[in-house]
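> quick one: sequence plus predicted model below, questions after.
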Amino acid sequence: MSADGINLLRAKVFDKSKWMQLPRDVVIGHGVIEQIPAVCEDLSLGDSALVITGDKTRDIAGKRVEALLAASYDVTTFAAGGGDPFETIKKAEAAAAEAAFVIGVGGGRVIDMAKIASYNTDRHFISVPTAASHDGIASSRASVPTADGNVSLAAEPPVAVIADTAVIASAPHRLLAAGCADIMANYTAILDWELSHRLRGEPLSEYALTLSRMTAEILFKNADLIKPHSEESAWIVTKALVSSGVAMSIAGSSRPGSGGEHKFSHALDRLAPEKGLHGEKCGIGAIITMYLHGGDWRGIRDSLKKVGAPTTPAGIGVDDETAVEALLAARTIRPERFTILDMGLTRESARDLVKMLYRE
């Protein structure tokens, strides 16, 4: 007997939903810091602002932001100094709760702190980077240092990004080169994502994956143009970092820009604290994981050299055996995130991989 004629069950409807939070205003270019009042007015965020900035970055750009907004907003400043990061974040949250919106002016640590304070107080957040060292300037993830290394947390994505290339180009070139390396590592992050999709059925966003790959390709092809203290270089890298952050927002996770190379970086955070910048470690990890994926690892390495990023553990002051330990420990970092480094790497093969980095 056929059941085709029985209309007993509720008709299924397409009920998939997804919430993407993307920046509404993105302003990149020479002197755009002067446009902060116009951006704030356009967004209608309220009449009081908390500017979170660092000791050095306040002199570089924070004071200018305060001065530009003083005529129209009640502006207070929070200095994100050193000390216990959790205590500092709590103090930043208390300050944010007294303001209508938050502006983060600084490098990665300051931007991440502003994101978390905004997230926990339901305040909008404007990102004003003073360096282009990682893709957190436009993403919904924040990195927080702990005794066991940095951890990545959900955070408030910026409602606007204002990136002044004159300010960014004046930062030490090492920071820009690290930002390039962080973007180039997208190549291997998406390979790991595809691998996990094939082997474990992890959901995959084609849009986010394509944007992440395209962003890495643009930087890969323009590696020759990345020069110290060049506003054109700052322009290229900042656009790429914003695109990478948007890819993460589309995916709803850091997957489009974070795979085995990031797990290697976080393992080094534990094993060799204060050695190397985040992007630098990810770049070295990307050479290794691209080799394991059977891809153009020499191309990654050559591009990193062109932009001035390190390509070996020695280049960031880490001995080779510590790098081996980091490769083996990578599987313990976010074990739910499956990558090529979770496929049975042995100590012997890890040593061969580190030796490979020095091979011409």
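The structure has been received and is ready for your questions.

> ranges for the helices of the stretch 201-350 of the chain?
Using DSSP state H, counting those that start in this stretch, the helices of the stretch 201-350 of the chain run over 206-221, 231-251, 260-271, 278-293, 297-307, 320-329, 347-356.

> likewise for the stretch 1-150 of the chain?
Residue ranges of the helices in the stretch 1-150 of the chain, as given by DSSP H, counting those that start in this stretch, are 36-43, 55-57, 63-70, 85-96, 108-121.

> please work out which of those helices is packed deepest.
Looking across the helices of the stretch 1-150 of the chain with neighbours counted as mean count of other CB atoms under 10 Å, the highest average goes to helix 108-121: a mean of 26. (Each C-beta comes from the backbone N, C-alpha and C, glycine too.)

> what angle separates that one from helix 85-96?
60 degrees (axes from the mean of the first three to the mean of the last three CA atoms, to 10 degrees).

> which elements pack onto helix 108-121?
The helices and strands touching helix 108-121, judged by 3 or more CB pairs under 8 Å, 6 or more residues apart in numbering; DSSP states H and E, are strand 48-53, helix 85-96, strand 101-106, strand 124-129, strand 141-146.

> let me see the mean pLDDT of the first one.
Averaging the model's pLDDT scores along strand 48-53 yields 96.

> for it, buried residues please.
Within strand 48-53, the residues that qualify as buried are 49-53, counting by 16 or more other CB atoms under 10 Å.

> quickly run through the sheet partners of it, with directions.
When pairing is defined by DSSP bridges, strand 48-53 lines up against strand 74-79 (parallel), strand 101-106 (parallel).

> would you turn the ones you listed into a markdown table with mean pLDDT?
Formatted as a markdown table, the strands paired with strand 48-53 follow (pLDDT from 0 to 100):
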| stretch | mean pLDDT |
| --- | --- |
| strand 74-79 | 95 |
| strand 101-106 | 96 |
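
> give me whichever of those strands is most buried.
Using mean count of other CB under 10 Å, strand 101-106 ranks as the most buried of these, with a mean of 29.

> residues touching that strand, excluding its own?
36, 40, 43, 45-46, 48-54, 57-58, 61-62, 65, 80, 96, 110-111, 113-115, 117-118, 121, 123-130, 158-159 (CB atoms under 8 Å, 6 or more residues apart in numbering).

> what is the nearest of the buried residues of strand 48-53 to Leu271?
Ile52 (30.3 Å; CB to CB).

> contacts only, for that closest one.
77-78, 80, 92, 95-96, 102-106, 110, 113-114, 117.

> need the contact list for the closest residue to it other than its chain neighbours.
Distance criterion CB to CB, 6 or more residues apart in numbering; nearest residue to Ile52, sequence neighbours excluded, is Ala114 at 4.4 Å. For Ala114, the contacting residues are 52, 92, 102-104, 125, 127, by CB under 8 Å, 6+ apart.

> most widely separated two among these?
Farthest pair in the contacts of Ala114, by CB to CB: Ala92 and Ser127, 14.9 Å.

> who's the residue lying closest to Ala99 once chain neighbours are set aside bridged to?
Computed as CB to CB, 6+ apart, the closest residue to Ala99 that is not its neighbour in sequence is Leu50, at 3.8 Å. Going by DSSP bridges, Leu50 is paired in beta bridges with Thr76, Val102.

> in stretch 352-360, what's buried?
353-354, 357.

> repeat for stretch 288-299
Buried residues in stretch 288-299 (16+ other CB under 10 Å): 288-293, 297.

> now pLDDT and distance to Phe14 too, for those, in CSV please.
CSV is the format used below for those (pLDDT from 0 to 100; distance: CB to CB, whole Å):
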residue, pLDDT, distance to Phe14
Ile288, 98, 42
Thr289, 98, 36
Met290, 98, 38
Tyr291, 97, 42
Leu292, 97, 38
His293, 98, 35
Trp297, 96, 42
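
> most widely separated two among these?
Once CB to CB is applied, these give Ile288 and His293 as the farthest pair, at 9.9 Å.
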